[in-house]
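Asker: coordinates only, sequence not included:
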């Protein structure tokens, strides 16, 4: 039976401690030197010098610049829906009794949903490209679940004013 040490860190730690206690690490070349865990360890060594020059000049690899742009776009996307929800919260007290307020609120939802969908699709395309560029799979981003976000947003749209004032937080 094979034991996966990745999914059982306590087993891996125990095996490492046992090996250390048995002296199996005593003859390692860089025994007393700390591990290099800087981000450059992800870079292919033949490009390391170029990346170091770019970094000291204030430039970053394309995937890092793209990640910054995606984070900015995600923040703006959240603000679009949150601002609409706050605007709706001003009239939500009336829509239980006022059919015109309810109709106005519903009419305002459609253009907001369209703008949101367009922005989210653009961001998802950036995320797809980012996921192709990023050097390590665990750094990849999840795409926006547009339909699920709009359903949650629409449900929160009809909340009471006090619930609406707490803000809408779409998924990522």
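Answerer: Received, thanks. On a predicted model such as this, the values are computed, not experimentally measured, just so you know.
Asker: longest helix of the protein?
Answerer: Scanning the chain for the longest helix, with DSSP state H as the assignment, gives helix 99-133.
Asker: Show me what the helix or strand that that helix is followed by is packed against.
Answerer: Sequence-wise, the next helix or strand downstream of helix 99-133 (DSSP states H and E) is helix 146-157. The elements that helix 146-157 packs onto, with contact taken as 3 or more Cβ pairs under 8 Å, 6 or more residues apart in numbering; DSSP states H and E, are helix 62-89, helix 99-133, helix 161-165. C-beta: built from backbone N, CA, C; applies to glycine.
Asker: The same query, at a cut-off of 6 Å, please.
Answerer: Applying 3 or more Cβ pairs under 6 Å, 6 or more residues apart in numbering; DSSP states H and E, one finds that helix 146-157 makes contact with helix 99-133.
Asker: Buried residues in the helix it packs on, which are they?
Answerer: Within helix 99-133, the residues that qualify as buried are 101-102, 105, 109, 112-113, 116, 119-120, 123-124, 126-127, 130, counting by 16 or more other Cβ atoms under 10 Å.
Asker: same thing with stretch 56-64?
Answerer: Buried, per 16+ other Cβ under 10 Å, within stretch 56-64: 61, 63.
Asker: out of the buried residues of helix 99-133, who's nearest residue 141?
Answerer: For the buried residues of helix 99-133, the closest approach to residue 141 (Cβ to Cβ) belongs to residue 127, at 4.9 Å.
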